[in-house]
Each structure stands twice: as structure tokens, then as C-alpha cells.
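Q: What would the 3D arrangement of this be:
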Amino acid sequence: MTDAAEIEFLAPGAPVDLDNCAREPIHVPGSIQPRGVLLVVSDPAHVVEQASENLEQLTGVPWGQALGRPLADVLGGGAADAVIRSASAFGDLRERNPVELVLDVHGVPDPVDAVLHRAVVEGRRAAGRGGATEGAPTTSLVVELEPARGPRPFSFPNTYQAVRGTVADLNRAASLQELYDITAQAVRDLTGFDRVMVYRYDADYNGEVVAEAKLEELNSFLGQHYPASDIPAQARALYEKNWIRLISDVDYEPSPVRPTDHPASGQPLDMTYSTLRSVSPIHLEYLGNMGVRASMSISLLRDDKLWGLIACHHYSGPHAPPYATRAAAEFLGSTLSLRLVDRAEEDEVRRAMRVRATLTSLTAAALDEDRRLTDTLLGSPDLLDLLPADGVVVRLQGLTGSSGAEVPLEVADAIAAWAAGRGDDVVATDSLGRDAPSLSAPEDVPCGALVLPLPEGQYVLWLRGEAVRHVDWGGDPHNKAIAERQGEEIRLSPRKSFERWREVVRGRSQPWTTEEVAEAAELRTHLLEALYARSRSVVRAAETLQRSLLTEPVQPDGLELAVRYVPAAREAQVGGDWYDVFGLPDGSTILVIGDVVGHDSQAAATMGQLRGLLRGIAYSGSGGPTEVLTQLDGAIQGLGLGALATVLVGRLERPEGADGATLLRWASAGHLPPLLRSPDGPVRPLDAARAGLLLGVDPTRPRTEQQVLLEPGSTLLLYTDGLVERRDQVFDDGVDLLAAALGDLRDLPVDELCDALLARLLPDGAEDDVALVAVCLRPCGG
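A: Model prediction:
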């Protein structure tokens, strides 16, 4: 709803038509309806500052003679005293309205109802200073007088007595419709209007007649809708402040307020709270086109915002219920508003309690890690018990499930991807065709969706089908105006046709409520917690598996061996790096260093498979490292493992006649070159030019084997890329730094050497997993 404060109003006196009526300053019309008269009195001096031109018809005093005179000179001493007494009491003046007076007009007693309120008068605007005002705001007393001839239906203090039976009926009503119907009939019985309607707004302030009490011969408006433009924003803002408005005769001639501008402010009088306020000529024309001769509106509010109206129409001529009757009708409107709020709150509490129970059950079940999360959410209760929908699709932890109406999985994935691209925790739409036209979803796919995007492409998706609605309008809402010629001018005027016009609304589902979106957001929080807990369990299991495989190495005669595994400094401390050292029946020793592509539990599981396969191949065969890698590559393809990994396999043998030296034969599948430190010479990488392809790329490609004779006192270092690769340095620089460190640390045993290398190269912890194997041929470490 547009706030009236945001409207740039027309200048006073500017011509009004349908092009600009939404900017008409209806709170300062400068005139009144002539069923009564108006006086503006200074407070507390009680001197008349403004008066309506028709003042004489009720008081016998011409307006020009009233200005500047004490109120007593216009109303008489007794009546003026009664007004001043009432205005001087504490509290809201409306609680004492009307003040029942008897005026002496040329010796004839004339009963009137005085309706009082105070109007704020701003300081006078100063010219040439950007519209600034001089002086603090003050208040004036506005006195509106209405004739009270004839028997009064009841006095204002007895308003409740007049309607208490209806109030009791409202309290017993079992449904909203019953509340509407009771109110419409009661207001009609009370006020005597030909037709009384309860008129409810939707979210866009289009109105719908939801109850009606009328003369039998009148056609029915029940169920008809009216566009928001029929009651513009500034009119709705006035309805929120002044809860009742009477037009006793749509053909009235307005009576101007004199002077037009208030003497203290230089501005027209703000008549927001005036009961006699003149209304827009466009609205009078609109009523006339409907055949209405008199009208009354009573505001229905929820949380101080306009929810709807009780709209009263009279067709046979002018109709002016006295103030006390109008007050009783307003009391009924307030009672209906309260009951509507109570009913809505009762319904919401029941719904919220049911949803809360479902959400609690789903949350508790999601913590059971022995049950798949998809099964939990689609069990009993399920996600359709949480949010009403035609179907739901869940994609979590690599599994997909659904309930209710089926939708192709590729369509569900596309909707979820669109929602994830919006960047919100919850994405809701009642029209995918309108909000996501790029999806080009088939016509038979539900058009409403509420999506919870979750990490790694996971999601929960509720779907609602099309809710075809037939909306009966009071006239074509797309043809709100007609053009009429007035002299040389063309003016847009209100439509004249109010015949029932049916519109078919398609392509939209039932909308998702604010409460439903909030509850879905809460579920998303619980799902993230459950996914985190389950992922941590998987990580812990993978860590256990990984550490169980990375055992301490054998210690063959003549060799000193040390191994290290350092997980990356991140939450999920599992990866695909591994080492292995084991002996063969012929007395040789196998050295393995490897790195599976990836950094998650899947990589750790693949690492375990490759480690076991490699051990079996190496132990049962008689071939060298090349044959081991070739057979392992074939097993990856044949078993459908889908693994990619770098691996280096080395074999240490004691050849005859080598004079204490050890032969190293090795083959590499894309792995980093080993570093060799000779007893007295430099550190050098072994040939990296023949590293070959990664495992899992092409098992038919031949691999090459290399060999080198290691002197006693030499040190061999195998490692993974986490030790030498950094975001802030190139790869070769890392290998050079490692070689330099290995050359500097000559006098350390291999255990201490491994720790010293890690400390020097990884002072802030590892960015990636690191595996390390160090072998020293005795004598070593001094």
C-alpha cells in the first residue's frame, strides 16, 4: 500500500480526473457537506477563526459575522459553555461525542449534535526560505454541528446497549463467513441503508464483497471484485485514521470553509478527522454511476492497517443516520475487526502448533544418522505435512526422493538451479512462468515452487499446481475509465458499467504465505545442522580408515625409514594422499607414495582401494615397479573405479657385488620426482622427465622404469605436492626449497629429519595434505 505521505498532491483547486485523482489532496478539500455546519475555534480563547458558508442555516449567524467573535456569540452562552466544558475535559474528545445542544435560533429551539475534534495548525510558511515554517504548531478546536430533529434512536452512552445482542452473536459465530453475515445484517438493521456489504481487500488492495444484506429487489454484488484504483491510496490512508465516513446526498453542493486558509498557518484546514469533510468529485461521480444516492463506509482494521470496509449504499434518495446511530455502527465495525483478528490469531496458533510439531519431529528424526536423510524427510510425518503442496522433491547426500505429484527430475534440478542462482536461503514463487521464464517448463509441470537451496547442489523443493481462479469483477477492471468532453476539454471520468465481468486467472498457484516461508527457512537451518553432523561422521570414519591404512613402516636391515602424514589445515581432515612401505618375500622393500585427485571422504575411500590393489599386485607378482603400475592402471579401468591418482613405486634391492650399495628401481605415474642426497655430494631430483601419465587416464600407454645405485649414507625422500605447492610460489620453487632444506639438515636421524623438513617448509600448517617417506642407507645421521 502506498503511504499517503509519499504522494505528491495536486495543487488546491487543480482540475481532477482519473489521470490525477490518486494525487487529489482529499484531506484538505476546503469545503464540507452541507448536512451540517463547521466552526474552527482558537484554543483556549474560543474565538471563531473559520466557518463554513452555510453557518447561518443552522445558527442564524452569517459566517462573515461569526469570524473573530467568541463562540458564545455564535452558539449562545449555554451551548458554548457545553462545548467548552466537553473540550476541556481530559482524554479523547471522540469518547464524549456528540455533545447534545439546543440552539436558540430567532427564538425557536433547535436541537443539534456537536461533534468535536482538535486539528493541528502548523506555523505559517515563510516566503523565500525554502518553505520553512515560523512558530511552533498549535491546535484549534473544530466544532461540527448536525441537526438532531426528530426522536433520537438512543443516546451515545447507550451505544453498547443498542448493539449488545449483535456483539453476543459475533462472539458465538463459528466461522468467518458467519461473522461477515451477522455484521452486514446488523449494520443494515441499525442504519436503514438499502444495501450493506462487507468488503475485503487482497494483498494488492483489490476488493471483494464477502457478505451482503440488501433489499430483496436489488441485484446482488456478493462475490464481486473491484480494482484497487476504485479506492486510491490516499483514501485508504484516511480510512485508517477516520473510521467512518457518511455521504448523505451524493448530489450535495459543497459549502466552502471561510477563509480558505487558516489565519495562523496560511494553509487549508486539515479535515482528516472531520465528519462533514467534503469528498472527491470523482468519487461522487463514481457513486452516481452506480445509482447510489447516499453512502457510508466503516473501516475494518487489523494491526492498525486497513483490512476492508463495511460499505453502505442507499438508492431511493438522501439518507442521513444520526451521529449516535453511526457511532453504534462504527462500534460494530470495531467489534468485527477485533473478532477477525481473534479468529485469525486462533487459526494461526492452531496451524503454527501443528507445523511446530511436524518440524520438531522431522528435526529429531534428521539427527538419526543410521537413517538416510531423504527417508527421514519423506517418512511420517513428511515435508508435505509441514507445508501444504502437491509434491515435494528432495536431493540430499547423493540421493533423490519425492512424494506427491511427480515431476521429471531434470525439471526439478533446473528449478533448484534457478533458485540457487537467486542467492537467497528460501526462494518462493507462485508463477514460474512469470518469474523464471528461461526454464521453459512444460505446461503440465506445477507452476508454484518453494525451494531451499543447500550446499553442493542439494535442495528441497515443494511444488504447487495451477490454481485456476474465476474472478467476478464489478465491471471490466481493465477498462476503468471513459472519456467525456466538457466544452473544449476531454476529461477521463469513472466507468459507468458495473455489470458482472468474469476473468479467468491462470498460470499461478496458491501463493506461499509469509509464515510458510519463515517455517521453510527454519527447516533449512535444521537441515544444514543435520548435514554438517552427518558429514562430520563421514569424515571421522574416513579419518579412521585413512589412519588405519597409514601404518608404521617396516625397518629392513641396513635401512632407516620414517614416514609422516599431515592433513590439510581445514575442517574435513581427510584426503587422498598416502604412503606405504612393505617387504617382499625375496627380501626387497617396496616404497610407495601416492595422491588421489580430490580432498574428501570419497578420495580417502579411493586411496584405500588403490593401496590394497597395489599391495596385492606387488606382493603376488615378480615384476618391477613398471609392471605394478601397469597392472594397477588396468585394474582401475576393469573394476570401474573411476579414479585419478599420481603414484610413484620404488623397489630397493641389494645386488650382488654392489659393495654395500643399494639399487633403487622406480616408476612414476605423474608423480613428483624423488630427491636424493648423496653422503658427501649435493641434493638432486631423480629424473622427472619420465613421470608418465596419471593412473586412470590411459592404461594402454607404456610406462618406463628407472634405476639408480644408492651409496651407503645416502638419503632418499618421497613426498606429495602438499609439501612444495603454495598459492604464493611456483611449483619448481617449492621443490628447490625442499632440496635446499634436505641439504642443510645432514646430521639428523630420519625421524628428526622429517619433522625438521615439515617445520621449515610448513611453518603455518599445510594448505593441502602431505605424505612423506624418508629412507637413509646406513651409516646415516652421524
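Q: Just read off the phi/psi values of residue 268.
A: Per-residue torsions, residue 268: phi -60, psi 150 (degrees, to the nearest 10).
Q: Kindly apply the preceding question to residue 399 instead.
A: Dihedral angles for residue 399 - degrees, to the nearest 10 - are phi -120, psi 150.
Q: Can you give the strand pairings for the lengthiest strand in the chain, parallel or anti for each?
A: Assignment by DSSP state E gives strand 108-121 as the longest strand of the chain. Sheet pairing of strand 108-121 (DSSP bridges) gives strand 99-105 (antiparallel), strand 138-147 (antiparallel).
Q: Distance from the chain centre to the first one, please.
A: Computed by CA atoms, centre = their mean, to the nearest Å, the separation of strand 99-105 from the middle of its chain amounts to 58 Å.
Q: for that strand, which positions count as buried?
A: Neighbour counts using 16 or more other CB atoms under 10 Å place 99-101, 103, 105 of strand 99-105 among the buried residues. (C-beta placed from N, C-alpha, C; glycine too.)
Q: closest to residue 641 among these?
A: Using CB to CB, the shortest approach to residue 641 within those belongs to residue 99, at 94.5 Å.
Q: how deep is the nearest residue to the closest one once chain neighbours are set aside tucked in, by neighbour count?
A: The shortest distance from residue 99 to any non-neighbouring residue, by CB to CB, 6 or more residues apart in numbering, is to residue 114 (4.1 Å). Other residues near residue 114 number 25, with proximity taken as other CB atoms under 10 Å.
Q: ditto for residue 391
A: Neighbours of residue 391 using other CB under 10 Å come to 19.
Q: swap in residue 716?
A: 25.
Q: Please name the residues that touch the closest residue to it other than its chain neighbours.
A: The shortest distance from residue 716 to any residue other than its chain neighbours is 4.4 Å, reached at residue 775 (CB to CB, 6+ apart). Contacts for residue 775 were tallied using CB atoms under 8 Å, 6 or more residues apart in numbering; they are 559-561, 591, 652, 715-718, 750.
Q: so who does the residue nearest to residue 99 touch?
A: 79, 82-83, 86, 97-101, 143-145.
Q: if we can go back for a sec, assign the residue nearest to residue 716 to helix, strand or coil.
A: Secondary structure, DSSP: H, G, I helix; E, B strand; the rest coil: residue 775 is strand.
Q: Can you give me the pLDDT of it?
A: Among the per-residue scores, residue 775 holds a pLDDT of 94.
Q: what sits opposite it in the beta ladder?
A: Residues in beta-bridge contact with residue 775 (DSSP bridges): residue 561, residue 716.
Q: Now the residue nearest to residue 459 when sequence neighbours are not counted, what are its backbone angles?
A: Of all residues not flanking residue 459 in the chain, residue 416 sits nearest, at 4.0 Å (CB to CB, 6+ apart). Per-residue torsions, residue 416: phi -60, psi -40 (degrees, to the nearest 10).
Q: quick one: residue 562 and residue 748 touch, right?
A: No - Residue 562 is beyond contact range of residue 748, at 10.2 Å (criterion: CB atoms under 8 Å).
Q: Pretty sure residue 377 sits against residue 460.
A: Yes - using CB under 8 Å, residue 377 is in contact with residue 460, at 7.2 Å.
Q: who touches both of the two?
A: 383, 394, 396.
Q: Can you pick out the ones from these that are in strands?
A: Cross-referencing the shared contacts of residue 377 and residue 460 against strands under DSSP E gives 394, 396.
Q: Just the angle for the top helix by length along the chain relative to strand 99-105, thanks.
A: The residue-count maximum for a helix in the chain (DSSP state H) belongs to helix 323-366. With axes from the mean of the first three to the mean of the last three CA atoms, to 10 degrees defining the directions, helix 323-366 sits at 160 degrees from strand 99-105.
Q: Could you point out the helix or strand that follows helix 323-366?
A: Next along the chain after helix 323-366, taking DSSP states H and E as the criterion, comes helix 373-377.
Q: Quick one: list the elements packing against that next one.
A: helix 323-366, strand 391-396, strand 399-404, helix 514-549 (3 or more CB pairs under 8 Å, 6 or more residues apart in numbering; DSSP states H and E).
Q: can you list contacts of that helix?
A: For helix 373-377, contacts defined as CB under 8 Å, 6+ apart pick out 362, 365-366, 368, 383, 394, 396-397, 399-401, 460, 527, 530-531, 534.
Q: Now do that helix, average pLDDT.
A: On average, helix 373-377 scores 83.
Q: returning to that earlier point: turn the strands paired with strand 108-121 into a markdown table, columns for distance to residue 91.
A: Output for those, formatted as a markdown table (distance: least, CB to CB, whole Å):
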| stretch | distance to residue 91 |
| --- | --- |
| strand 99-105 | 14 |
| strand 138-147 | 15 |
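Q: can you put those in a markdown table and add distance to residue 682 and mean pLDDT?
A: Formatted as a markdown table, these follow (distance: least, CB to CB, whole Å; pLDDT from 0 to 100):
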| stretch | distance to residue 682 | mean pLDDT |
| --- | --- | --- |
| strand 99-105 | 111 | 90 |
| strand 138-147 | 98 | 92 |
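Q: Show me the beta-bridge partners of the residue nearest to residue 99.
A: So, taking DSSP bridges as the rule, residue 114 has residue 99, residue 145 as bridge partners.
Q: cool, and residue 453?
A: residue 459.
Q: just for the stretch 651-782 of the chain, where's the confidence low?
A: 657-658, 688-690, 779-782 (pLDDT under 70).
Q: ugh, wrong one, I meant the stretch 451-600 of the chain
A: 467-506, 533-551, 553, 569-574, 599-600.
Q: This completes my enquiry, with thanks.
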